[in-house]
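> model the structure of this input:
(2 chains)
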Protein chains: 2
Amino acid sequence: MKETLLATASKIKPYIHRTPVLSSSKINQISGANLYFKCENFQRMGAFKMRGAIHAILNLTQEEKSRGVVTHSSGNFAQAVSLSANLLGIEAQIVMPSSAPQVKQDAVAGYGGKITISEPTLEARQAAADKIIVETGATFLHPSNNMDVILGNSTAANELLEDYPLLDIILSPIGGGGLIAGTALAARYLGKDCITIGGEPLLVDDAFRSLLSGKIETNQRIDTVADGLRTTLGDINFPIIQQHVSEIIRVEEHEIISAMKLIWERMKIIVEPSSAVPFAAVLKNPDQFAGKKVGIILSGGNVDLSKLPF
Amino acid sequence: MKETLLATASKIKPYIHRTPVLSSSKINQISGANLYFKCENFQRMGAFKMRGAIHAILNLTQEEKSRGVVTHSSGNFAQAVSLSANLLGIEAQIVMPSSAPQVKQDAVAGYGGKITISEPTLEARQAAADKIIVETGATFLHPSNNMDVILGNSTAANELLEDYPLLDIILSPIGGGGLIAGTALAARYLGKDCITIGGEPLLVDDAFRSLLSGKIETNQRIDTVADGLRTTLGDINFPIIQQHVSEIIRVEEHEIISAMKLIWERMKIIVEPSSAVPFAAVLKNPDQFAGKKVGIILSGGNVDLSKLPF
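Residues are numbered from 1 along each chain as shown, chains lettered A, B, ... in the order given. Here you go, the predicted model:
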């Protein structure tokens, strides 16, 4: 696995930014830990999703590439697939729900994605994608339950460990499971006794419950402010998470918002609510992290400035 | 002068952050120029003011240090003097107007500054500072019209030119004149045919008019959104600006706000409105900057998140 992780990093390197790692003495003082924030909010298109998308597309055969790719998403993965396909000169078809804000549609179109609008149900989205697959032979890319996407995502933690090889812990948010699965593989195979902990909103604690029950659980409500984390695990990433994630810490909405505000105010960087979830977990359980060297993956920075939660 | 600038940089180095320089391909595409943003929003206490304050205090005699320093400010300089004095183990007295928001008073107190509240007029503030000087023998530090402050401020452009020696132009905002005077000295003596251009809000275009008339002008209105730029030039920085600043470009309020929003959205960093003024100047006169290598000093990132202008 170590060789695969390193090869993935080499492969996608020309297409991504190596993002900086920031620390803040004030934040360390407040948290009691030594925190190293991997700034994927500075990644191309503003989120770590670029890593998985470009890797999955690079790994298609020439023949597959010629038929293009398709995904359904209203979020960062739609932009990541559009930009990645654009960079590689292939076609990306993006199914977006009619409820997707115009600004997100504009972002996808700006990166060259070809948009199909569907009814805003998961069934309608999948049906629209299936229709495109049948008509064009395009390859479907799942945003989190795809091994090439997971491997691409691992490169964020990989770079973080290159910069700080002796991290005790890496935290990432858990939504669909693609980021934390990649992070956990990197921590396990590239770190030195480095464990992986997930941060998850209590409102959508499907991953926490999945680890307890041993099967993939779903959520009744999905109205968390951390809008990137409303999805559930998949059959490819769940076994990796079971094997390599030590613990999931759940945080409340107000804890996410105040952690996000602290990052904005103290670090002067813009992160989306999902990015603040692991930091909220550190602030919630300070004893667990006191004095430790802790990496945190800031997943992205795409936020509607006219709808801030504070 | 070159030796003085280099010596200043060495002297303050242990007390400041070397801030990163960020670029964005999207921002370059929008502006048509190659822009290098010097991120003083990541500086200690969140603004370039730290550089001038620490340098001025370091240059006091032991005897002066023992009597402490005093300034009147409700903004970044109050925090910079408080933190600098704290780092050097001396006392800082800060006169703040009774109108200063509690959050700014808390920030000054958090850095160890001793606050005296005065009536919110310039006369009352100066009188309160004078009283402290008479009683304690403290040294008054002016936020912009002080040669040691100007030299300290020069180190931002100095670092920027170390990273990018071939810049054609450096832009900084103009308020009290302390930042642009330091920037212009660095560009002139450390750059290679590098010129300095100022960005100034049209609403408070005293510096623009001062360069025209040859004497220090004042403003009728000061209600610009760029609240760090409401002050006027002084007799120490004005001659430097006359000699070494090529041009001042004035921008309107809506141009400042949209430039600020573009920086937030595209670069994912938090800058205060004053920081966006030079970038607004580039966007206003694209032909002048097309294809050029342009440094921009982002002066700071201290902004009230509950009162954003967009």
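> where in the stretch 1-150 of chain A is pLDDT low?
The stretch 1-150 of chain A contains no residues with pLDDT under 70.
> try 90 this time
In the predicted model, the stretch 1-150 of chain A carries pLDDT under 90 at residues A:73-75, A:97, A:99-104, A:120-123.
> biggest helix in chain A by residues?
What stands out as the longest helix in chain A, according to DSSP state H, is helix A:147-163.
> show me where the stretch 101-250 of chain A has helices.
Ranges of helices in the stretch 101-250 of chain A, per DSSP state H, counting those that start in this stretch, are A:102-110, A:122-136, A:147-163, A:178-190, A:206-213, A:237-244.
> the fourth one - contacts with which helices or strands?
Right, the one you point to is helix A:178-190. If you count contacts as 3 or more Cβ pairs under 8 Å, 6 or more residues apart in numbering or on different chains; DSSP states H and E, helix A:178-190 packs onto helix A:2-12, helix A:49-58, helix A:147-163, strand A:169-173, strand A:195-201, helix A:237-244. Just so you know, the C-beta spots here come from the backbone N, C-alpha and C atoms, and that holds for glycine as well.
> and with 6 Å instead?
If you count contacts as 3 or more Cβ pairs under 6 Å, 6 or more residues apart in numbering or on different chains; DSSP states H and E, helix A:178-190 packs onto helix A:2-12, helix A:147-163, strand A:169-173, strand A:195-201, helix A:237-244.
> what's in contact with the second one?
The contact list for helix A:147-163, computed with Cβ atoms under 6 Å, 6 or more residues apart in numbering or on different chains, reads A:5, A:8-9, A:18, A:21, A:38, A:40, A:48, A:51-52, A:55-56, A:59, A:170, A:178-179, A:181-183, A:185-187, A:190-191, A:236-237, A:295, A:297.
> what about the residue of the stretch 51-200 of chain A found nearest chain B, how many residues nearby?
The stretch 51-200 of chain A approaches chain B most closely through A:Gly110 (9.2 Å), counting by Cβ to the nearest Cβ. A:Gly110 has 14 neighbours, counted by other Cβ atoms under 10 Å in any protein chain shown.
> and A:Phe279, what does it touch?
For A:Phe279, the contact set (Cβ under 6 Å, 6+ apart) comprises A:259, A:296.
> what helix or strand is it on?
helix A:273-284 (DSSP states H and E).
> now do that helix: distance to the chain's middle.
Distance, stretch centre to chain centre, for helix A:273-284: 14 Å (Cα atoms, centre = their mean, to the nearest Å).
> looking at that helix now, give me its mean pLDDT.
Helix A:273-284 shows a mean pLDDT of 98.
> pull the next helix or strand after it out as CSV, backbone CA atoms only.
Scanning forward in sequence from helix A:273-284 by DSSP H and E, the next helix or strand is helix A:286-289. This file holds the C-alpha atoms of helix A:286-289, laid out as CSV (Å, rounded to 0.1, in the frame of the first residue of the first chain):
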residue,chain,number,x,y,z
PRO,A,286,-8.9,19.0,25.0
ASP,A,287,-7.5,16.4,27.4
GLN,A,288,-7.2,13.9,24.7
PHE,A,289,-5.1,16.2,22.5
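> so which residues make contact with helix A:286-289?
With contact meaning Cβ under 6 Å, 6+ apart, helix A:286-289 is reached by A:32-33, A:282.
> for the residue in the stretch 151-300 of chain A that chain B sits nearest to, report the pLDDT, please.
Nearest residue of the stretch 151-300 of chain A to chain B: A:Lys268, at 3.8 Å (Cβ to the nearest Cβ). A:Lys268 carries a pLDDT value of 97.
> state the phi and psi torsions of the closest residue to it other than its chain neighbours.
Closest residue to A:Lys268 apart from its sequence neighbours, by Cβ to Cβ, 6 or more residues apart in numbering or on different chains: B:Gly301 at 3.8 Å. Here is the backbone geometry of B:Gly301 (degrees, to the nearest 10): phi -140, psi 20.
> my guess is B:Gly301 meets B:Pro273, correct?
No: the criterion here is Cβ atoms under 6 Å, and B:Gly301 misses it with B:Pro273 at 10.7 Å.
> tell me who's in contact with the residue nearest the centre of chain A.
Centroid-nearest residue in chain A, with Cα atoms, centre = their mean: A:Leu179, separated by 4.5 Å. When contacts are counted by Cβ under 6 Å, 6+ apart, A:Leu179 is found next to A:153, A:172.
> that one and A:Ser31, how far apart?
Distance of A:Leu179 to A:Ser31, computed by Cβ to Cβ, to the nearest Å: 21 Å.
> now A:Ile117
Remark: distance between A:Ile117 and A:Ser31 (Cβ to Cβ) = 43 Å.
> who has more neighbours, those two?
Counted by other Cβ under 10 Å, A:Ile117 and A:Ser31 do not tie: A:Ser31 has more neighbours, with 19 against 15.
> excluding its backbone neighbours, what's nearest that one?
Ranked by Cβ to Cβ, 6+ apart and with sequence neighbours excluded, the top spatial neighbour of A:Ser31 is A:Val282, at 5.4 Å.
> give the contact list for the one you found.
By Cβ under 6 Å, 6+ apart, the contact list for A:Val282 reads A:31, A:33, A:289.
> please pick out the residue of chain A most distant from its centre.
Computed with Cα atoms, centre = their mean, the residue of chain A farthest from its C-alpha average is A:Glu135, at 30.0 Å.
> list the contacts for the closest residue to A:Lys104 other than its chain neighbours?
Distances taken as Cβ to Cβ, 6+ apart place A:Ser74 nearest to A:Lys104, at 5.8 Å, with adjacent residues excluded. Going by Cβ under 6 Å, 6+ apart, A:Ser74 touches A:96-97, A:100, A:104.
> pull out the buried members of those.
Neighbour-count burial (16 or more other Cβ atoms under 10 Å in any protein chain shown) applied to the contacts of A:Ser74 gives A:96-97, A:100, A:104.
> dihedrals phi and psi, A:Ser24?
Phi and psi for A:Ser24, reported as degrees, to the nearest 10, are phi -140, psi 120.
> that one contacts A:Glu265, correct?
No: contact between A:Ser24 and A:Glu265 fails when scored by Cβ under 6 Å: they sit 10.3 Å apart.
> what are the contacting residues of stretch A:297-310?
Contact with stretch A:297-310 is made by A:37-41, A:46-48, A:76, A:156, A:172-173, A:225, A:257, A:261, A:270-272, A:274-275, B:268, as judged by Cβ under 6 Å, 6+ apart.
> at 7 Å instead, please
By Cβ atoms under 7 Å, 6 or more residues apart in numbering or on different chains, the residues outside stretch A:297-310 that reach it are A:37-41, A:46-48, A:76, A:103, A:156-157, A:170, A:172-173, A:179, A:183, A:225, A:228, A:257, A:261, A:270-275, B:261, B:264-265, B:268, B:305, B:310.
> near chain B, which residues of the stretch 1-150 of chain A are found?
Taking Cβ under 7 Å from any Cβ of the partner chain as the measure of proximity, the stretch 1-150 of chain A contacts chain B at A:20, A:41-42, A:46.
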